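> got a sequence here, can you model it:
(2 chains)
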Amino acid sequence: MRWSNLFVPTLREAPGDAEAVSHALLVRAGFIRQLHAGHYSLLPLGWRVHNKVAAIVREEMDALGGQEFLLPTMHPASIWKKSGRWDTMGEIMFRLNDRRDNEMALGITHEEIFSTVATELTSYKELPQIWYQIQLKFRDEARPKSGLLRVREFSMKDSYSFDIDSAGLDKAFEAHREAYIRIFDRLKLSAMPVEASSGAMGGNSSVEFMVPCDAGEDDVARCDSCGYSANVEKATSALPAIEDKPGPDQVERFATPDIRTIEQLTTFEGGAEASRQIKTLVMVIDDELTLVILRGDHQLNEQKLLDATGAVAIRQAGADEILSALGARPGSLGPVGVEGLKIIADEALRGRSNMTTGANEDDWHVRGVSIERDVTVSSWADLRQVTSGEQCPLCEAPLRLVRCVEAGHIFKLGTTYAEKFDLSVANAEGAQTPIVMGSYGIGIGRNMATVAETHNDDNGLVWPVSVAPFEVVITTVKNDETSMNAAVSIYEELKRRRVDVVLDDRNARAGVKFADAELVGIPYRITIGPRALKENEVEFTERRSGETSRIGVDQVVDFVTGTVNDAR
RNA sequence: CAGGGUGUAGCUCAGUUUGGUAGAGCAUUCGCUUUGGAAGCGAAAGGUCAAAGGUUCGAGUCCUUUUACCCUGACCA
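All right, here's what the predicted structure looks like:
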C-alpha cells in the first residue's frame, strides 16, 4: 500500500470532546470518526487493526475447536420472550417493529439464537460443541462514552459451549480461560482474570478479564500478596472483629434534633462512631419496598444486592414512599420494630449488639440495638463495597482497588438455556439429558481501544506488531529517482516476504511524514534519505524506543523481516 | 434518569457580558521560495453562527421551545 493512496485524515489537534486517550488518539491519527453518540465509523487504518484483533481471536478460537457461524443481528421478539430476557433486559435492548407490526430486537448477545440452532443437537455423541461468531451487537447504553470503549454498536466475539455434563462445561470453560490468556498476551494487554458477578447474563460462575487502565469503568480489588482479585461487585474482605460492650436490656430512644447523617451522629453527644451504627437504606427491589441494613461506615454495592436477591431492577425508594412506609424521613430511619417489610442485612452486622440507629421518627434515634434481639432480619447477604486498604479475605494483606477495563468475560451458564429452549440430548443410556452451556465474550473494538489506551506516548500511538495497521513504514525523505528506486525495491521485497508494509511516497516534508508515522503508531520505520543512501545504507527506527540504527541496503529486508517475525 | 457543560469554517477556538457588515490559528487550493522533524511569504476558497419560534429598524449575541454532543453519577455481559 502506498500512503499517497491511503485515506488517513490525521489531525494536529484532537477534537475537543475526546476525553479518553485512546479516543483522542484514534481520532487524531485517522482511525475512527464518530457518527453519533456510541456509533463510530472505522476508517481504513481502524478497520485494519480491528481485523487483526479479530484474526487473533479467531485463531485462538479455532485452536480450541471452535466453529465459526454468522447469525442474524435482528431477532424476533419471540425467542427473547422464550428465554424471559425480553422483559429482564429492559431498556438496554433496541426494539423495533417491522411492517406487519411484529416485534423485533437487535441482538445484545446471541444465547437465544445459538440455543435455537442447538435444538438440532440430539445425541451425546454430537457433544461437546463450541460455536462462535464475530458479529455486531447493539446495546442502548444509557451513556456511551470514551470513544470505542463504551459504544452502542460494536463487534464482539461470542462463543457458546454445549456439553453433556458440568465436567464438560468445566473443560470448555478452562479451555476458554486459557485461550483468553493467550489472546491478551498476543494483544500485549496485561489482563487479569478476576471473579465477577454474572449480572443479567444468568449463570452461576463467571470470570472477567480486566486490564488496568484509568479510562476503565470497573474497580477490581486486588491482593498483591496472594494474587486474590475480584470485581468489587463480587469482592469481599476480612474485617477485624468488633467487640460490642454490653448494652441495655432493651432499646433506648433518645432525641437527636436536626441529626440527619451517620457522620453527624458520630459527634453528637450520646451518639456513636459509624462502625457502631446501623445504616438503613430503603430500596425498591422489583417493586417491593425493602430495608437494606449495613454497618454505618459501609457502602452498599447495588450489584451485590441484585445478585443476592435475583432481582431484575433495583432503585432507591423516594422520600414519599419512605415516609409512608416508615413514618420518618431519611436520616432518622432504622430497622427496629419494623414489621411487614423485608429486611436484608449485610453479613458485617451479624451478631452485633449495642448499636445505634434511627427511630423511624424524625429527630429521634435509638441505641442499645441488638441485631438478633431487636431486628427481624429476613435474609443475610454480603452487600458491602470493599474499600482500599481492607484485608484480603484469603491472606489478610491489604487490598488495593484498581481501575480496569473489562476486556472479556466468560460465564458458566449451566442448564438455564437448556431448560428454556428444551435443549437435550439422549445420553448413552438413551435418557434425555439437558445440555450444559457456557458463554464467552470478548469485545473486538473495545480491545482495540484498550490497546490504544495502554500503548501510546507523547507522539501518538505505539501499536504492538501483532495488531498494528502496518508493521513497517518506508519513509522517503526525498522523492528523487535514487531514493524512490531504493524505496520501491525494498517495499516490493518486503511485500513478497509477507511483511505488512506501507510506502510513504507522499511528496511532503520529511518532518510531516515522520510525525504522521509516529502518530499512527507503526512499529518500525525504514527511512530512506540521501545521507545514508550515499553510503548505501538506510535508517531503521523502532517506534517504541525511538532508537535509530543504520543498516546496509542489501541487508535491510532480511533484518526487518526477521525483526517483524520475532515480534508477531 | 439526575446534575453540569458545550454547539460559530474540515479541526482547535475567539466573538455572546453591553444587539449594528462573520473572525483567528491550523488544514485546503494556487503562486513563489523551500526540502532530515508538523517550513516561510503572498493570494484564494471555505458559514443556514445546532433548529424553530419570538422581541427589535436590526439578533451569533436577548427571550421561549426543541435538539445534538461531552462530563460526573445512576444504569450497564
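> burial count for the closest residue to A:T561 other than its chain neighbours?
Nearest residue to A:T561, sequence neighbours excluded (Cβ to Cβ, 6 or more residues apart in numbering): A:R497, at 4.7 Å. C-beta: built from backbone N, CA, C; applies to glycine. Other residues near A:R497 number 15, with proximity taken as other Cβ atoms under 10 Å.
> in the sheet, who's paired with whatever residue of the stretch 351-500 of chain A ends up closest to RNA strand B?
Per Cβ to the nearest atom of the strand, A:G441 is where the stretch 351-500 of chain A lies closest to RNA strand B, at 2.1 Å. Beta-bridge pairing for A:G441 (DSSP bridges): A:D158, A:H409.
> thinking again about what came up before, my read: the residue nearest to A:T561 touches A:T563, true?
No - assessed by Cβ atoms under 8 Å, A:R497 is found out of contact with A:T563, at 11.8 Å.
> tell me who's in contact with the residue of the stretch 351-500 of chain A closest to RNA strand B.
Contacts for A:G441 (Cβ atoms under 8 Å, 6 or more residues apart in numbering) come out as A:109, A:156-159, A:408-410.
> how about the residues of the stretch 451-568 of chain A by RNA strand B?
Counting by Cβ under 7 Å from any atom of the strand, the stretch 451-568 of chain A comes close to RNA strand B at A:459-460, A:477-478, A:509-512, A:514-516, A:518-519, A:527, A:529-533, A:539, A:541, A:548.
> now which of those would you call buried?
A:460, A:477, A:514, A:516, A:518-519, A:527, A:529, A:532-533, A:539, A:541 (16 or more other Cβ atoms under 10 Å).
> now the residue nearest to the spatial centre of chain A: phi and psi?
Central residue of chain A (Cα atoms, centre = their mean): A:E406, 2.0 Å from the mean position. Phi and psi for A:E406, reported as degrees, to the nearest 10, are phi -80, psi 110.
> now A:L519
phi -60, psi -40.
> next one: the one 5 residues further on
Taking degrees, to the nearest 10, you get phi -130, psi 140 for the backbone angles of A:Y524.
> excluding its backbone neighbours, what's nearest it?
In this structure, A:Y524 finds its nearest non-sequential neighbour in A:V472, 4.7 Å apart by Cβ to Cβ, 6+ apart.
> ok, that neighbour - how many residues close by?
When neighbours are defined as other Cβ under 10 Å, A:V472 has 24 of them.
> in chain A, which helix or strand is least confident?
The helix or strand of chain A with the poorest confidence is strand A:314-316; it has a mean of 80 (mean pLDDT, DSSP states H and E).
> isn't A:I371 up against A:L349?
Yes - using Cβ under 8 Å, A:I371 is in contact with A:L349, at 5.4 Å.
> which neighbours do the two share?
With Cβ under 8 Å, 6+ apart as the test, A:I371 and A:L349 both reach A:I278.
> how about the helices of the stretch 251-400 of chain A, start to end?
A:262-267, A:302-309, A:319-326, A:371-374 (DSSP state H, counting those that start in this stretch).
> quick check: mean pLDDT across the helix or strand encompassing A:T116?
Assigned by DSSP states H and E, A:T116 belongs to helix A:111-117. Average pLDDT, helix A:111-117: 94.
> now do the strands in the stretch 451-568 of chain A.
A:456-457, A:460-461, A:472-476, A:501-504, A:524-528, A:537-542, A:548-552 (DSSP state E, counting those that start in this stretch).
> got those strands as CSV, with mean pLDDT columns?
Converted to CSV, the strands of the stretch 451-568 of chain A look like this (pLDDT from 0 to 100):
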stretch, mean pLDDT
strand A:456-457, 93
strand A:460-461, 94
strand A:472-476, 96
strand A:501-504, 96
strand A:524-528, 96
strand A:537-542, 96
strand A:548-552, 95
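> what parts of the stretch 1-150 of chain A come near RNA strand B?
So far as Cβ under 7 Å from any atom of the strand goes, the stretch 1-150 of chain A lies against RNA strand B at A:10-17, A:19-20, A:34, A:36-38, A:89, A:92, A:108-109, A:137, A:139, A:141-146, A:150.
> list buried residues within the residues you listed.
A:10, A:14, A:20, A:34, A:38, A:89, A:108-109, A:137, A:139, A:141, A:144, A:146, A:150.
> and these, which two are the farthest apart?
Across these, the longest distance by Cβ to Cβ is 40.0 Å; it joins A:T10 and A:M89.
> tell me how many other residues surround the closest residue to A:Q391 other than its chain neighbours.
In space, and not counting its chain neighbours, A:Q391 is closest to A:A238: 4.2 Å by Cβ to Cβ, 6+ apart. Neighbours of A:A238 under the rule other Cβ under 10 Å: 14.
> right, and A:A238 touches A:A397 too?
No - applying Cβ under 8 Å as the test, A:A238 and A:A397 come out as separate, 10.0 Å apart.
> shared neighbours, the two?
Counting by Cβ under 8 Å, 6+ apart, the common neighbours of A:A238 and A:A397 are A:Q391.
> was I right about A:G331 contacting A:A359?
No - contact criterion Cβ under 8 Å: A:G331 and A:A359 do not qualify, at 11.1 Å.
> may I see the buried residues of stretch A:408-427?
A:408-418, A:420-421, A:423-425.
> give me the subset of those residues lying in strands.
Among the buried residues of stretch A:408-427, the members found in strands (DSSP state E) are A:408-414, A:424-425.
> ok, and of those residues, which contact RNA strand B?
Checking these against RNA strand B (Cβ under 7 Å from any atom of the strand), the matches are A:408-409.
> the stretch 51-200 of chain A: helices as residue ranges?
Using DSSP H, counting those that start in this stretch, the helices of the stretch 51-200 of chain A run over A:77-83, A:85-88, A:111-117, A:166-186.
> which of these has the lowest mean pLDDT?
When the helices of the stretch 51-200 of chain A are ranked by mean pLDDT, helix A:85-88 comes last with a mean of 85.
> and that helix, what's buried?
Applying 16+ other Cβ under 10 Å to helix A:85-88 flags A:85-86 as buried.
> list the contacts of it.
A:77, A:80-81, A:93, A:105, A:112, A:200, A:312.
> go with 10 Å
Residues outside helix A:85-88 that contact it (Cβ atoms under 10 Å, 6 or more residues apart in numbering) are A:77-81, A:92-93, A:95, A:103, A:105, A:108-109, A:111-112, A:200-202, A:311-313, A:420.
> pick the most deeply packed of the helices of the stretch 251-400 of chain A.
Ranked by mean neighbour count under mean count of other Cβ atoms under 10 Å, the helices of the stretch 251-400 of chain A are led by helix A:302-309, which reaches a mean of 19.
> anything in that one near RNA strand B?
Yes - shown here: helix A:302-309 in contact with RNA strand B (Cβ under 7 Å from any atom of the strand) through A:302-303, A:306.
> save these as CSV, and put in distance to A:T256 too.
Shown next, in CSV, are these (distance: Cβ to Cβ, whole Å):
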residue, distance to A:T256
A:E302, 28
A:Q303, 33
A:L306, 33
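> closest one of these to RNA strand B?
A:E302 (3.6 Å).
> the closest one reaches A:L383, doesn't it?
Yes - shown here, A:E302 and A:L383 form a contact pair, counting by Cβ atoms under 10 Å, at 8.9 Å.
> buried residues in the helix holding A:T116, which are they?
For helix A:111-117, the neighbour count (16+ other Cβ under 10 Å) marks A:111-116 as buried.
> returning to that earlier point: what about the helices of the stretch 51-200 of chain A, which gets the closest to A:V27?
Nearest to A:V27, of these and by Cβ to Cβ, is helix A:166-186 at 24.9 Å.
> buried ones in the closest one, by neighbour count?
Those buried within helix A:166-186 under the rule 16+ other Cβ under 10 Å are A:168-169, A:172-173, A:175-176, A:179-181, A:183-184, A:186.
> ditto for stretch A:243-257
Neighbour counts over stretch A:243-257 (16+ other Cβ under 10 Å) mark A:247, A:251, A:256 as buried.
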